[in-house]
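J.: here is my input; please provide its structure:
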Amino acid sequence: MLDLFDLESPAVLFGDETSFGLAAALRDSPQGVGAIHVFEASDVAEPRPVLEAIGLGRATLIERIADGAHLAAAEAEVLRLAASGAHFVLSGKASSIQPVSRALKAVGVVSSRLKTKAYWAQGKVGLD
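T.: Residues are numbered from 1 along each chain as shown. Okay, here's the model as predicted:
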């Protein structure tokens with residue numbers, strides 16, 4: 001099962017459409033009770049019914065912009081949650097994880113509060 005953290009503070013999962021399964025698994029774990037989900041998506045209306053169907057209807061969706069400008073909104077959301085002592089799981093697209101991770105580290109989020117897993121990167125093969 002998921003062995004993420006010894007959680008006494010909320011878990012925050014940031015990812016994309018490839019992270020929905022991980023979010024559902026986190027939701028179903030004792031560590032995921034009360035988890036907050038923030039996803040980037042190409043079209044925020046499209047994944048909403050899927051998230052509703054798997055019990056993640058309260059997730060925050062941020063529309064992906066080709067140049068990555070939307071990541072400022074993602075960073076702002078996770079930084080707002082960092083002040084509460086949240087633990088973070090960053091997954092999905094590698095080029096989205098990197099700036100969010102850097103922003104968290106810049107405000108003092110220690111590595112013990114941060115887990116990352118890139119599922120894909122533009123132009124790359126062989127990621128799991």
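J.: residue ranges in the protein under the pLDDT threshold?
T.: Along the chain, the parts satisfying pLDDT under 70 run over 1-8, 126-128.
J.: helices along that one, start to end?
T.: Taking DSSP state H to define them, one finds helices in the chain at 20-27, 48-53, 71-82, 94-106.
J.: got the contact list for V44?
T.: Each residue near V44 by CB atoms under 8 Å, 6 or more residues apart in numbering is listed here: L61, I62, E63. Every C-beta, even on glycine, is put in place using the N, C-alpha and C of the backbone.
J.: for E52, see how far away the closest residue to G55 other than its chain neighbours is.
T.: Once flanking residues are discounted, G55 sits nearest to R27: 6.3 Å by CB to CB, 6 or more residues apart in numbering. For R27, the distance to E52 equals 13 Å [CB to CB, to the nearest Å].
J.: more neighbours: which of the two?
T.: More crowded of R27 and E52, by other CB atoms under 10 Å: R27, with 17 against 12.
J.: picking up where we left off before, surely the residue nearest to G55 and A35 touch.
T.: Yes. Contact criterion CB atoms under 8 Å: R27 and A35 qualify, at 6.2 Å.
J.: pick out the residue nearest the middle of the protein.
T.: Per CA atoms, centre = their mean, the C-alpha nearest to the average position across the chain is that of F14, at 0.9 Å.
J.: quick one: neighbours of V109, just the number.
T.: Residues near V109, counting by other CB under 10 Å: 20.
J.: which one is it nearest to, not counting chain neighbours?
T.: Excluding its sequence neighbours, the residue lying closest to V109 (CB to CB, 6+ apart) is A82, at 5.4 Å.
J.: might you report the residue contacts of the one you found?
T.: Here A82 is in contact with F88, L104, V107, V109 (CB under 8 Å, 6+ apart).
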